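K.L.:
Sequence and predicted structure below; questions after.
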Amino acid sequence: MTVTAVVLAASPESALADVEGQARVRRIADAAWSGGALPIVVVSFDPDGTVAAALAGAAVTLAEPVPPPRASPAAQMLRGIEVASAEVRDVDGALIWPARMVWVSPETITSLIEAHGVDRSTMLRPTYQGQAGWPVLVPTDSASLLAAVARDRMPDMIVGDLLAAGLPMRLIELGDPGATHDADVARAALPPYLGPAEPAARHRHEWGAATADDPEDSPIEGPALAPYDQAEAE
C-alpha cells in the first residue's frame, strides 16, 4: 500500500509564506514524510526557482501545475496524483493537502494511511471535534472523477462533488486541531491536541512508527522536478 501526499499551492507566495522560519510547503513536506506518505508532490508554479530552493534536502517532487485554460483546483489535484503515480508504482491513495493547512500532525497522516489500509475504496477525511478538515485521502482508483469537476469549484466543494459522484466518505475523529485550523491561526492559539478517540484502523499503532526505525542521519534527496509538458508527453 502506497499513499502519496499532493500539496497544492495556488501561487509561489502561498507556497513560500513563512511558518516559524520555514516555507509552508517545506513544513508540510516534512510532516507528510514523517507520517509515512510517499511520494510527496508539491504542485506549484515556480518561475524563479524559489520554491525548489525552499524544498532543498526534502524528498519531494515539484510539479508544474496544469496551465490555463485547463487550470482549476480539481485539475491540479489530478495533476499531482498523476505525477505521483508516474514516480511510484501502485500508488493507491492520495492525501490532498492545501498549502494553507500547515499545522497537521504527522500522527494524523499515519492514522489516515492506516485507515486506508483496511478500506481502500473510501474517501477519508479527518475531523476535529466534529468539524471536517484536511488533508482528504482520495483513493486513486477514483481520481478520474476529478476530471469531471467544474473549474470554479474550490477544494471543499470538490469533496462534495466527489461524494455526489458516488465516492463514499468516512469522517474520522483524530483530535488534531491542525486538520481544521490553517496558517491564519498561530500555533500558540491552536486548541489542544486531543488525539483520536479510538484507532482509525482496526488495530492500534505507536505514534511515529512510520519513521521510528530510520536513523536520525538518514540521507534524503532534494526535490525532483516534473515539468508539465514532460510529464504529459510520458
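P.N.:
Good, I have the coordinates. Numbering: from 1, shown residues only.

K.L.:
how much space between residue 186 and residue 108?
P.N.:
19 Å (C-beta to C-beta, to the nearest Å). Where you see a C-beta, it was placed from the backbone N, CA and C, and this is true even at glycine.

K.L.:
whoops, residue 156 was the one
P.N.:
In terms of C-beta to C-beta, residue 156 sits 18 Å off from residue 108.

K.L.:
Compare residue 186 and residue 108 (neighbour count), which wins?
P.N.:
residue 108 (28 against 11; other C-beta atoms under 10 Å).

K.L.:
so where do the strands sit in this structure?
P.N.:
Using DSSP state E, the strands of the chain run over 2-8, 18-19, 22-23, 40-43, 60-63, 91-98, 123-128, 131-132, 136-139, 169-173, 224-226.

K.L.:
and residue 1, how many neighbours?
P.N.:
Neighbours around residue 1, by other C-beta under 10 Å: 13.

K.L.:
So it is in contact with residue 115, correct?
P.N.:
No. Residue 1 is beyond contact range of residue 115, at 11.2 Å (criterion: C-beta atoms under 8 Å).

K.L.:
Relative to residue 123, how far out is the residue nearest to residue 180 when sequence neighbours are not counted?
P.N.:
Spatial nearest neighbour of residue 180, excluding adjacent residues (C-beta to C-beta, 6 or more residues apart in numbering): residue 133 at 3.9 Å. According to C-beta to C-beta, residue 133 and residue 123 sit 13 Å apart.

K.L.:
How about residue 82?
P.N.:
Applying C-beta to C-beta to residue 82 and residue 123 gives a distance of 18 Å.
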